[in-house]
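missing the sequence, but the structure's below:
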């Protein structure tokens, strides 16, 4: 089921007999052209983001208590995905996990003393598919770590998680290493400058090597500017920019139907995050 809610679209995977039971994912309408929705069951749904050269599969999960059949179904679904794709599982796993000495999928930010059966199955899934239980790697106050409070007894627990494939979890902005043609103090670079640069990007263009469409920056432009500001300031302070910015994906298009040599083709460089920086430099 698909429902339009103002600027957003709600993708639902419901129970055939009980339409009130199910899982769903909501996205901004500007992302609709990049997604493919798979309503696997009333407990698992998947929204695939096609980022051009990369795909990320975003799952919403509801796991029943101590249900090994559910985790077998989830494992079979994950086995069907290409190994190079990114995976994010989010939802209510009904899993309690404590720090395993021999498991790298868990961090230290867990207050649970004992791992329940669902927790053991979740850890097995993570180890099998090289994933991390993301919540457990970020230390926060106890009331932020706990995700559930019993309305009857007032007890709290940590049973909802973001489980992320390691290739996504370890993604960081590249450290600048190549010489930049000029230097300038970063104090003159402000968040509003980056917001303006993002708004001048051309939309509906193919993504470049980083797999990031201009629309992804523009949807939450203030958040995007906040993420890019320290990165761009480091470039201005060091006078260097990332090696990755030296590489572009160029597609050749024929200028006419009878094209048969190099001069008859036009090269088009695909969009890149560096375009945000270029638009900032080029503004009045």
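Thanks, I have it. Fair warning: this is a prediction, and the values are worked out from it, not measured in the lab. Numbers count the residues shown, from 1 in each chain.

which residues sit in contact with residue 261?
Contacts for residue 261 (C-beta atoms under 8 Å, 6 or more residues apart in numbering) come out as none. The C-beta positions use only the backbone N, C-alpha and C, and glycine is treated the same way.

over to residue 131?
Counting by C-beta under 8 Å, 6+ apart, residue 131 touches 87, 89, 105, 125, 163, 164, 165, 166, 169.

same deal with residue 3?
Contacts of residue 3 by C-beta under 8 Å, 6+ apart are 9, 10, 12.

from the contacts of residue 131, pick the one nearest residue 45.
Nearest to residue 45 among the contacts of residue 131: residue 89, at 11.1 Å, using C-beta to C-beta.

what is the host helix or strand of the closest one packed up against?
Using DSSP states H and E, the element containing residue 89 is strand 86-92. Here strand 86-92 touches strand 55-62, strand 160-165, helix 166-169, going by 3 or more C-beta pairs under 8 Å, 6 or more residues apart in numbering; DSSP states H and E.

at 6 Å instead, please
Where contact means 3 or more C-beta pairs under 6 Å, 6 or more residues apart in numbering; DSSP states H and E, strand 86-92 is packed against strand 55-62, strand 160-165.

now do the longest one: everything it contacts.
Defining contact as C-beta atoms under 6 Å, 6 or more residues apart in numbering, one finds that strand 55-62 is touched by 23, 25, 43, 45-49, 81, 85-89, 91-92.

neighbouring strands - and their directions - for that strand?
Paired with strand 55-62 in the same sheet, following DSSP bridges, are strand 44-50 (antiparallel), strand 86-92 (parallel).

now do the last one and strand 160-165, the angle between them.
For strand 86-92 against strand 160-165, the angle between stretch directions is 170 degrees (axes from the mean of the first three to the mean of the last three C-alpha atoms, to 10 degrees).

count the residues that sit near the spatially closest residue to residue 87 that is not a sequence neighbour.
Of all residues beyond its chain neighbours, the one nearest residue 87 is residue 165 (4.3 Å), with distances taken as C-beta to C-beta, 6 or more residues apart in numbering. Residue 165 has 22 neighbours, counted by other C-beta atoms under 10 Å.

was I right to think residue 165 contacts residue 88?
No. Residue 165 lies out of contact with residue 88 (C-beta atoms under 6 Å); the separation is 7.3 Å.

circling back to that earlier point, what's the next secondary structure element after the strand holding residue 89?
Next element after strand 86-92 (DSSP H and E): helix 117-129.

give me the mean pLDDT for that next one.
The average of the pLDDT scores along helix 117-129 is 92.

likewise for stretch 192-211?
Over the span of stretch 192-211, the pLDDT mean works out to 78.

ditto for stretch 263-274
The model assigns stretch 263-274 a mean pLDDT of 69.

next: stretch 78-87.
Averaging pLDDT along stretch 78-87 gives 91.

can you tell me what sits against that stretch?
55, 56, 57, 129, 165, 168.

how about that stretch: buried residues?
For stretch 78-87, burial by neighbour count (16 or more other C-beta atoms under 10 Å) applies to 78, 81, 86, 87.

how close does residue 167 get to residue 228?
Between residue 167 and residue 228 the distance is 22 Å, computed by C-beta to C-beta, to the nearest Å.

looking at the two, which has the bigger crowd around it?
residue 228 (22 against 16).

that one: what secondary structure?
helix (DSSP: H, G, I helix; E, B strand; the rest coil).

hang on, isn't it packed against residue 194?
Yes. Taking contacts as C-beta under 6 Å, residue 228 lies within contact range of residue 194: 5.3 Å.

show me where the stretch 151-284 of the chain has helices.
Shown for the stretch 151-284 of the chain, the helices assigned by DSSP state H, counting those that start in this stretch span residues 166-169, 191-199, 214-219, 221-238, 274-281.

going by mean pLDDT, which of those comes out lowest?
helix 274-281 (a mean of 60).

could you dump the helices of the stretch 151-284 of the chain to JSON lines with distance to residue 135?
Putting the helices of the stretch 151-284 of the chain into JSON lines (distance: least, C-beta to C-beta, whole Å) gives the following:
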{"stretch": "helix 166-169", "distance to residue 135": "12"}
{"stretch": "helix 191-199", "distance to residue 135": "28"}
{"stretch": "helix 214-219", "distance to residue 135": "24"}
{"stretch": "helix 221-238", "distance to residue 135": "20"}
{"stretch": "helix 274-281", "distance to residue 135": "30"}
